[in-house]
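S.K.: sequence and predicted structure, then a few things I'm wondering about:
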Amino acid sequence: MNITDHCRRTIAFTREIMRQPVTARGDLRFSDLAFFLRFARPIWRVGVLALAATALVSAAKTVLPLSIKFFIDNVLLGETSASDALIAGAGGILSSLDALIVALLVLGFFTGGMDLLRNYWTARFREGYAFNIQTTLVEHVLSFPLSYFKSQQTGYIMSRLSDDVQILQYTVSQYLPQIVANALYVTFTFAILCVLNLRLTLVVVAFIPLYLLVNAVFIRRIRAATHRERERQAYVSRDLQEVISGIDTVKSHAAEDREMHRVSGTLRNMIDARIKNTMLSAFSEYFRIGTMSLMLIAVFWFGGNEVLAGAMSVGDFVAFAVYIVTFAPTVNTFFAFPVVMQPALTSAARLRELFRIHGEAGAAPGTGGIVPATVQGRIEFSGVRFGYTASEPVLLDANFVARPGEVIAVIGRTGAGKTTLINLILRAFAPQEGTITLDNCDLASLDPRWLRRQISLVSQDLFLFHTTIEENIRYSRPDAAFEDVIEAARKARIHDDIVRFPEGYGTIVGERGTQLSVGQRQRVAIARAFLKDAPILILDEPTSALDMQTEDQIRRTLRDLVRDRTTILVSHRPSLLELADRVLMIEGGRVRECMGAEPARQVDPDRTPLSGQSTAP
Ligand SMILES: Nc1ncnc2c1ncn2[C@@H]1O[C@H](COP(=O)(O)OP(=O)(O)OP(=O)(O)O)[C@@H](O)[C@H]1O
């Protein structure tokens with residue numbers, strides 16, 4: 001690209017960023033601000049102390065430049081008159097150099113000490129606020145229905161949980177004390193300026209509408225740009241998280257370049273949004289500094305004429321000039337706050353969006369949900385219709401009963417809806433029509449946490465935490481004794497594998513259990529189920545990763561596990577169907593009971609009897 005192209009591009013870029021946004025997303029309502037104030041309630045006392053210290057420091061700093069006036073007018077020129085009685089009185093006391101120096105020393109020590117206290121109290125308030133908001137947010141997000149997590153990518157959720165809180169915390173901690181200090185400083189200085197020379201102060205006031213105009217032009221644009229930037233940042237986190245967690249697949253397909261290309265595309269979009277946002281802020285700063293410079297020039301011109309005409313003392317003019325030179329950048333910063341606070345306001349709006357999502361009923365204490373005293377384990381589907389999208393139902397009219405203690409096998413071709421049926425029992429999703437009941441009580445009315453405590457789930461994709469094998473097995477019953485953990489591992493046929501590891505039960509399994517084989521992970525899941533000892537058991541392909549010999553051993557222990565529990569078993573392995581009292585088949589969205597050799601043929605066309613023995617020679 002040559003220089004002319006660059007110039008053309010710059011003009012097009014400027015036009016683009018100055019275009020009025022169609023919608024300024026990320027607006028906060030007044031009630032939202034009240035909502036965010038809630039998090040300050042437990043720490044309001046330290047907040048008040050921080051505010052009082054800030055006020056005192058601002059007041060002390062404001063009176064410092066007055067010492068120059070006293071030095072010139074009272075000490076050097078020996079004048080005692082002043083337009084204001086208070087200043088005249090202070091000037092009388094500080095008319096000797098010694099008194100002025102002592103007053104300055106006292107003021108300096110006081111301001112320094114108060115500033116230390118202000119720092120401490122502000123830090124306590126700031127960190128306390130961030131802690132309150134983050135813990136409440138994490139608790140709230142954990143209460144979301146499972147369907148939310150199944151529909152959002154982890155990286156995206158993580159970005160919204162951590163980036164937005166960090167930006168809110170950073171901006172608030174950086175700028176909120178400054179806003180308070182500046183507001184106080186501007187007020188105090190303004191009062192002193194009025195006392196020093198009212199006409200000259202009116203010249204300063206005349207420039208305020210210009211500042212407001214600059215903000216009116218830029219704030220909406222910057223807010224929209226910040227929202228766009230933040231959303232694209234979340235997409236970057238989403239893509240990075242996906243590449244890292246899918247690294248096995250990426251490498252096995254030698255797809256590093258392709259993934260790099262995809263991530264760099266998302267990064268480029270984010271950077272593009274960031275540059276636009278930066279330039280909008282730069283433009284607004286340019287106009288604010290322009291306004292400030294005009295204001296200073298006007299003050300010097302009017303003030304200079306006042307002194308020449310004898311309407312203002314030299315001391316007053318010098319003091320006014322010192323004030324205005326420090327005051328003008330403060331006013332500038334003050335009017336820039338609505339702009340620099342945009343990242344925090346956008347983050348606050350995005351956090352508010354998260355807070356507006358309803359957690360599932362009963363997920364937080366006191367939010368409802370029946371907690372029955374006993375569980376029989378009778379599960380009934382009546383006229384259940386469900387689809388992930390309205391146009392494509394997975395289950396059309398599911399009707400069946402699983403009686404207490406019964407083992408119900410669910411079979412069907414891949415994609416028929418077996419896992420969906422399990423997700424409905426776990427209340428990850430709710431049926432669009434019909435009801436699912438446990439002991440004649442609608443699942444929708446039960447406390448979801450209580451419900452899930454009654455269910456042991458052994459699924460194909462078990463999640464292991466980055467901790468010891470012992471802790472991972474114990475996850476289903478944290479208070480279990482070590483002996484019970486070993487007993488559960490023995491039943492799940494994983495004990496011998498565990499003791500062969502140098503660290504035994506203390507072996508760290510690696511992130512997501514990567515140091516264990518898939519078969520070992522599956523047996524850890526079975527051990528968890530043994531330990532949990534829940535009245536309802538859901539087995540979703542519990543042996544899909546095991547060899548025939550281990551599966552044979554596990555089948556015998558599963559027979560123990562399913563005893564006296566209502567069990568829903570999903571498996572493509574004909575041998576496991578031996579455990580079932582009845583076999584249900586999902587076909588075309590409907591659930592029907594299978595007879596005789598039908599199930600075995602359904603899951604494996606080469607086999608006929610339920611025993612799983614092949615008829616082939
Ligand atoms: N979270 C989801 N969002 C949208 N569609 C989904 C979701 N989960 C599953 N589906 C779709 O619902 C249908 C049923 O899926 P489900 O996982 O229940 O089948 P399945 O019988 O368990 O299959 P398999 O035996 O292969 O595990 C499929 O068409 C699938 O694409």
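M.R.: The structure has been received and is ready for your questions.
S.K.: any idea how many residues pack against the residue nearest to Gln153 when sequence neighbours are not counted?
M.R.: Residue nearest to Gln153 in three dimensions, not counting chain neighbours: Arg238, with 4.7 Å by Cβ to Cβ, 6 or more residues apart in numbering. Just so you know, the C-beta spots here come from the backbone N, C-alpha and C atoms, and that holds for glycine as well. Neighbourhood size, Arg238 [other Cβ atoms under 10 Å]: 19.
S.K.: now do the most centrally placed residue in the chain against the ligand, distance only.
M.R.: Nearest residue to the geometric centre of the chain (Cα atoms, centre = their mean): Leu161, 1.3 Å. Separation of Leu161 from the ligand (Cβ to the nearest ligand atom, to the nearest Å) stands at 21 Å.
S.K.: okay, and that residue sits in which element?
M.R.: Assigned by DSSP states H and E, Leu161 belongs to helix 154-196.
S.K.: do Ile133 as well
M.R.: helix 97-142.
S.K.: elements contacting that helix?
M.R.: Other elements packing on helix 97-142 under the criterion 3 or more Cβ pairs under 8 Å, 6 or more residues apart in numbering; DSSP states H and E are helix 44-63, helix 66-69, helix 154-196, helix 342-356.
S.K.: next SSE after the third one?
M.R.: On the C-terminal side of helix 154-196, the nearest following helix or strand under DSSP H and E is helix 198-205.
S.K.: that following helix to helix 154-196, inter-axis angle?
M.R.: With axes from the mean of the first three to the mean of the last three Cα atoms, to 10 degrees applied, the angle from helix 198-205 to helix 154-196 works out at 160 degrees.
S.K.: return the alpha-carbon coordinates of helix 198-205 using PDB.
M.R.: The C-alpha coordinates for helix 198-205 follow below in PDB (Å, rounded to 0.1, in the frame of the first residue of the first chain):
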ATOM      1  CA  LEU A 198     -15.900  36.000  40.100                       C
ATOM      2  CA  ARG A 199     -15.700  37.400  36.600                       C
ATOM      3  CA  LEU A 200     -12.700  35.300  35.700                       C
ATOM      4  CA  THR A 201     -14.400  32.300  37.100                       C
ATOM      5  CA  LEU A 202     -17.400  32.900  34.800                       C
ATOM      6  CA  VAL A 203     -15.000  32.800  31.900                       C
ATOM      7  CA  VAL A 204     -14.000  29.300  33.100                       C
ATOM      8  CA  VAL A 205     -17.700  28.300  33.500                       C
END
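S.K.: tell me the first helix or strand C-terminal of it.
M.R.: Per DSSP H and E, the helix or strand that comes after helix 198-205 is helix 208-245.
S.K.: and the angle from that following helix to helix 342-356?
M.R.: Using the same axes, to 10 degrees: helix 208-245 against helix 342-356 is 60 degrees.
S.K.: avg pLDDT for helix 208-245?
M.R.: For helix 208-245, the mean per-residue pLDDT is 86.
S.K.: so which elements touch that helix?
M.R.: By 3+ Cβ pairs under 8 Å, 6+ apart, helix 208-245 packs against helix 3-18, helix 154-196, helix 256-308, helix 314-340, helix 342-356.
S.K.: swap the cut-off to 6 Å and go again
M.R.: Packing contacts for helix 208-245, counted by 3 or more Cβ pairs under 6 Å, 6 or more residues apart in numbering; DSSP states H and E, involve helix 154-196, helix 256-308, helix 314-340, helix 342-356.
S.K.: spell out which parts of the stretch 251-400 of the chain neighbour the ligand.
M.R.: Contacts of the stretch 251-400 of the chain with the ligand, taken as Cβ under 6 Å from any ligand atom, map to Tyr388, Val394.
S.K.: same deal with the stretch 51-200 of the chain?
M.R.: So the stretch 51-200 of the chain meets the ligand at Lys150 (Cβ under 6 Å from any ligand atom).
S.K.: show me the shaky parts of the stretch 51-200 of the chain.
M.R.: 78-95, 173-174 (pLDDT under 70).
S.K.: how many residues are close by the residue in it that the ligand sits nearest to?
M.R.: Nearest to the ligand in the stretch 51-200 of the chain, going by Cβ to the nearest ligand atom, is Lys150, at a distance of 4.8 Å. Per other Cβ under 10 Å, the neighbour tally for Lys150 reads 11.
S.K.: so how far is Tyr388 from it?
M.R.: 9 Å (Cβ to Cβ, to the nearest Å).
S.K.: now do Pro478
M.R.: Pro478 is 33 Å from Tyr388, where distance means Cβ to Cβ.
S.K.: quick one: which of the two has more around it?
M.R.: Tyr388 (13 against 7).
S.K.: buried ones in stretch 466-477?
M.R.: Residues Thr468, Ile469, Glu470, Glu471, Asn472, Ile473, Arg474, Tyr475, Ser476, Arg477 are the ones in stretch 466-477 that count as buried (16 or more other Cβ atoms under 10 Å).
S.K.: wait, which of these is closest to the ligand?
M.R.: Out of the buried residues of stretch 466-477, the member with the shortest distance to the ligand (by Cβ to the nearest ligand atom) is Ser476, at 22.9 Å.
S.K.: which residue is the nearest non-sequential neighbour of Ala298?
M.R.: Closest to Ala298 by Cβ to Cβ, 6+ apart is Val203, at 5.3 Å.
S.K.: does the one you found touch Trp301 like I think?
M.R.: No: Val203 is beyond contact range of Trp301, at 8.8 Å (criterion: Cβ atoms under 6 Å).
S.K.: of those two, which one has the most company?
M.R.: Using other Cβ under 10 Å, the more surrounded residue of Val203 and Trp301 is Val203, with 16 against 11.
S.K.: list the contacts for the more buried one?
M.R.: Counting by Cβ atoms under 6 Å, 6 or more residues apart in numbering, Val203 touches Ala298, Val299, Phe302.
S.K.: mark which of those are buried, thanks.
M.R.: For the contacts of Val203, buried by 16+ other Cβ under 10 Å: Val299, Phe302.
S.K.: in CSV, list the contacts of Val203 along with pLDDT.
M.R.: Output for the contacts of Val203, formatted as CSV (pLDDT from 0 to 100):
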residue, pLDDT
Ala298, 91
Val299, 89
Phe302, 90
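S.K.: mind giving me CSV with the contacts of Val203 and columns for distance to Tyr120?
M.R.: What follows is the contacts of Val203, written out as CSV (distance: Cβ to Cβ, whole Å):
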residue, distance to Tyr120
Ala298, 41
Val299, 37
Phe302, 43
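S.K.: burial check on the nearest residue to Met1 once chain neighbours are set aside, number of neighbours?
M.R.: Distance criterion Cβ to Cβ, 6+ apart; nearest residue to Met1, sequence neighbours excluded, is Arg9 at 7.4 Å. As a burial measure, Arg9 scores 11 neighbours (other Cβ under 10 Å).
S.K.: gap between Arg9 and Gly265?
M.R.: 20 Å.
S.K.: repeat that for Arg555.
M.R.: 49 Å.
S.K.: please say which of the two ends up with more neighbours.
M.R.: More crowded of Arg555 and Gly265, by other Cβ under 10 Å: Arg555, with 18 against 12.
S.K.: what helix or strand is that one on?
M.R.: Using DSSP H and E, Arg555 sits in helix 548-562.
S.K.: so which bits of that helix are buried?
M.R.: So, applying 16+ other Cβ under 10 Å, buried residues of helix 548-562: Thr550, Glu551, Ile554, Arg555, Thr557, Leu558, Leu561, Val562.
S.K.: how about stretch 55-73?
M.R.: Burial within stretch 55-73, assessed by neighbour count using 16+ other Cβ under 10 Å, is assigned to 55-58, 60-62, 65-67, 69-73.
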